[in-house]
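Trainee: Any chance you can model this:
(one chain, ligands or ions: 2)
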Amino acid sequence: MQKIIAYSMNYKTSAGIALCLMLIELIVELVQPLIMAKIIDGGILVEDYSTVALWGSVLIGLSLLAFTAGITNSFFAAHFSQGVGYDLRRDLFAKVQKFTHENFQQFSTPGLITKITNDVTQIQSLLFMFVRIALRAPLFIIFGLMMAFTINVQLTFILVIAVPAFLGFLFWVLKIGVRLFKRVQLKIDRLNTVIRENLTGIRLIKGFNREEYESDRFLHVNKQLMGVNKRALWLMEVAMPVVMLGMNASILLILWLGADKLSLGNIQAGELVALINYATRIMFTFGLFTFLIMIFSRGNASAERISEVLDVEAPSYLEDSEKIQQELKGEVRFERVSFFHSDHPVLHNVSFHAQPGQTIGLLGETGAGKTSLLHLIPRLYEKHSGEIYLDDNPIEVFDTKSLRKQISLVPQDVHLFSGSVRSNIAWGKENAKMSEVVEAAKQAQIHSFIKTLPDGYDTVLGQKGVTFSGGQKQRLSIARALVRKPKILILDDSTSALDAYTEMKLLNSLKTQQCTVFIVAQKISSLKEANQILLLHQGKLIAQGSHEELLNESPYYREVFQSQREDVM
Ligand code: CTP
Ligand code: MG
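Mentor: Ligands and ions are numbered 1, 2, ... in the order given. As a prediction, the model looks like this:
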């Protein structure tokens, strides 16, 4: 909540104006019963109609004032709450963009989406309600009681005992409510996860005939969500009648004792009406309270969830502006580098040396650590021990932004963005010109295919690139990597879906690039031409050298090579 208060301070003028307007509404509400009492006792009962007319017009005037204040209040309340919501979403998004790999492991993707959307919306309604009506409820109770005291001390005592008792009860409900609503949000996360998995994996699900299983899974989560939600609502629904019952009993008591006083002449009829009026209004304020409690419980749960994200410390090593921004030549040297995923060892003492412009092949069984090794170069992962040198400088001295600008990574899972073919390739480089886009597409061996598309480079991709084949998507993402003319190019199994001929053409065109290329492939034929091949096995570099050297020196390599040749034959 502290975070939310800090964000609210940026809109303190709007919030302040809204609160002042709300106070006007409150004051009008508070004096209304008194004026009614005046109309009854000083006007109706003594048949003085000029008094009725006078106070009647005051009443109408005040109501109009309250009405105008209410409308203007909504305007400022909206500006305030929407503004804070906008800022929260902006900062959450910016924070998530700074997340490291470890940070991402802490949060689930759908969870982050719910936080940036649904949780922020909860905060918005909370803030809106806060400056619109929330303060009015407690203030009305306090001042209402004080006003009632000015009318009759003895009768008001009934309220002084009843009101705190019911308030205590409501706060107890609030505590349980917060817990329940936190669970509601977790269930919404879970629901989003299942929906997301289903939408993205729909073909797989159909192919495996798993629709029913997935439906059941969805229904299960859906039911759980309904369950907690129902419990939370039930709690609120039960709390209210209990309070109403108690308050009505207090009002009856006031009426009963008041009737006695009236017959003895200790109180005037109008005063008694005013007193009952305050009591009833306080009772309805309790109604407002339960509604507010619901919004507060939700808002509080959401505020905590949002803070979890905002509190993540952005690692300072990625933000140091004092670091050097020099142009890379493309030399990469690993010295006894080890790396862990959480506590799970992935790379042990890996050492190799890649000269600028060389092509380095990576070969190894699945899970050997190829992707992990390559992710260390643009610092998507942080090594655990050892040193990584780029052009003879330890990797830490480089400014991460400028470092990443000169490294292009084509990840193992192709990711295309919604938009045109052109925008997908141009995404790789800020302000890429059309000629650069075409050049990159040619190098990636995708230009002639793009030409056959209905709108050429302006063809819009279906969501997730559905209209493209696996190999076409791979080449498109290679073009995206090439358009920025990197000094280091990392192809993580990015040619796996290409036919041998296209792959060969692609590799040949890469040779003309002035950059160091790291290429992961399962087929030795893809790596044969590489200057060096690194053979990884269970996180260890078990052999390195050219294809011929490895054939002579490494029985494991020979075995793989042999088995692949048999595949071909
Ligand atoms: N790993 C992990 N957490 C991750 C990614 C990987 O614990 N977020 C582990 C994997 O379980 C694996 C090891 O790290 O044991 C190496 O993974 P990776 O580098 O991705 O292996 P690759 O050699 O790239 O495997 P593949 O050929 O299947 O891509
Ligand atoms: Mg991999």
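Trainee: any idea how far Leu328 is from Leu403?
Mentor: 8 Å (C-beta to C-beta, to the nearest Å). Just so you know, the C-beta spots here come from the backbone N, C-alpha and C atoms, and that holds for glycine as well.
Trainee: any residues in contact with both of these two?
Mentor: Shared contacts of Leu403 and Leu328 (C-beta atoms under 8 Å, 6 or more residues apart in numbering): Leu390.
Trainee: Relative to Glu25, how far out is the closest residue to Leu272 other than its chain neighbours?
Mentor: Leaving aside its sequence neighbours, Leu272 sits nearest to Gly258 (C-beta to C-beta, 6 or more residues apart in numbering; 4.7 Å). Per C-beta to C-beta, Gly258 is found 28 Å from Glu25.
Trainee: Kindly report the same for Val52.
Mentor: Distance from Val52 to Glu25, by C-beta to C-beta: 25 Å.
Trainee: Looking at these two, which has the bigger crowd around it?
Mentor: Glu25 (20 against 16; other C-beta atoms under 10 Å).
Trainee: buried sites along the helix or strand hosting the more buried one?
Mentor: Here Glu25 sits within helix 12-38, counting by DSSP states H and E. Of the residues in helix 12-38, 14-15, 17-19, 21-22, 24-38 count as buried by neighbour count, 16 or more other C-beta atoms under 10 Å.
Trainee: can you check stretch 368-387 too?
Mentor: Buried residues in stretch 368-387, defined by neighbour count with 16+ other C-beta under 10 Å: 368-383, 386.
Trainee: ok, back up a step: and the next helix or strand past the helix holding Glu25?
Mentor: Next along from helix 12-38, by DSSP H and E: helix 49-98.
Trainee: between that next one and helix 12-38, how big is the angle?
Mentor: Comparing the axes of helix 49-98 and helix 12-38 via axes from the mean of the first three to the mean of the last three C-alpha atoms, to 10 degrees yields an angle of 160 degrees.
Trainee: just checking, what packs against the top helix by length along the chain?
Mentor: Secondary structure assigned by DSSP state H gives helix 211-264 as the longest helix of the chain. With contacts taken as 3 or more C-beta pairs under 8 Å, 6 or more residues apart in numbering; DSSP states H and E, helix 211-264 sits against helix 153-200, helix 269-310.
Trainee: Leu536: neighbouring residues, count only.
Mentor: For Leu536, the number of neighbouring residues by other C-beta under 10 Å comes to 23.
Trainee: How much space separates it from ligand 1?
Mentor: Distance, Leu536 to ligand 1, by C-beta to the nearest ligand atom, to the nearest Å: 7 Å.
Trainee: which of the helices and strands packed on helix 211-264 is buried the deepest?
Mentor: Across the helices and strands packed on helix 211-264, averaging neighbours per residue (mean count of other C-beta atoms under 10 Å) puts helix 269-310 on top, at a mean of 20.
Trainee: related to what we said a few turns ago, when you check ligand 2, which of the buried residues of stretch 368-387 turn up near it?
Mentor: Thr371 (C-beta under 5 Å from the ion).
Trainee: among the buried residues of stretch 368-387, which are within reach of ligand 1?
Mentor: By C-beta under 6 Å from any ligand atom, the members of those lying near ligand 1 are 368-372.
Trainee: any chance of those residues in a markdown table, plus pLDDT, distance to Leu489 and secondary structure?
Mentor: Formatted as a markdown table, those follow (pLDDT from 0 to 100; distance: C-beta to C-beta, whole Å; DSSP: H, G, I helix; E, B strand; the rest coil):
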| residue | pLDDT | distance to Leu489 | secondary structure |
| --- | --- | --- | --- |
| Ala368 | 93 | 21 | coil |
| Gly369 | 94 | 20 | coil |
| Lys370 | 95 | 15 | helix |
| Thr371 | 95 | 15 | helix |
| Ser372 | 95 | 18 | helix |
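Trainee: thinking again about what came up before, tell me the helices and strands packed up against the helix holding Glu25.
Mentor: Using 3+ C-beta pairs under 8 Å, 6+ apart: helix 12-38 touches helix 49-98, helix 136-151, helix 269-310.
Trainee: of all the ones you listed, which lies closest to Pro241?
Mentor: helix 269-310 (10.0 Å; C-beta to C-beta).
Trainee: Give me the sheet partners of the next helix or strand after the closest one and which way each runs.
Mentor: On the C-terminal side of helix 269-310, the closest following helix or strand by DSSP H and E is strand 332-341. Strand 332-341 pairs in its sheet with strand 344-354 (antiparallel), strand 385-390 (antiparallel), by DSSP bridges.
Trainee: Identify all contacting residues around strand 332-341.
Mentor: So strand 332-341 is in contact with 345-354, 360, 369, 372-373, 376-377, 381-390, 392, 488, 516, going by C-beta under 8 Å, 6+ apart.
Trainee: just stretch 84-99 next, same as before
Mentor: Residues outside stretch 84-99 that contact it (C-beta under 8 Å, 6+ apart) are 4, 7-8, 10-11, 112, 115-116, 120-121, 123-124, 127, 306, 309-310, 312, 314, 318.
Trainee: Please apply the same query to stretch 546-559.
Mentor: So stretch 546-559 is contacted by 363, 524, 527-533, 535, 537, 542-545, 561 (C-beta under 8 Å, 6+ apart).
Trainee: Give me the buried subset of the residues you listed.
Mentor: Looks like the contacts of stretch 546-559 have 363, 524, 527, 530-533, 535, 543-545, 561 buried, using 16+ other C-beta under 10 Å.
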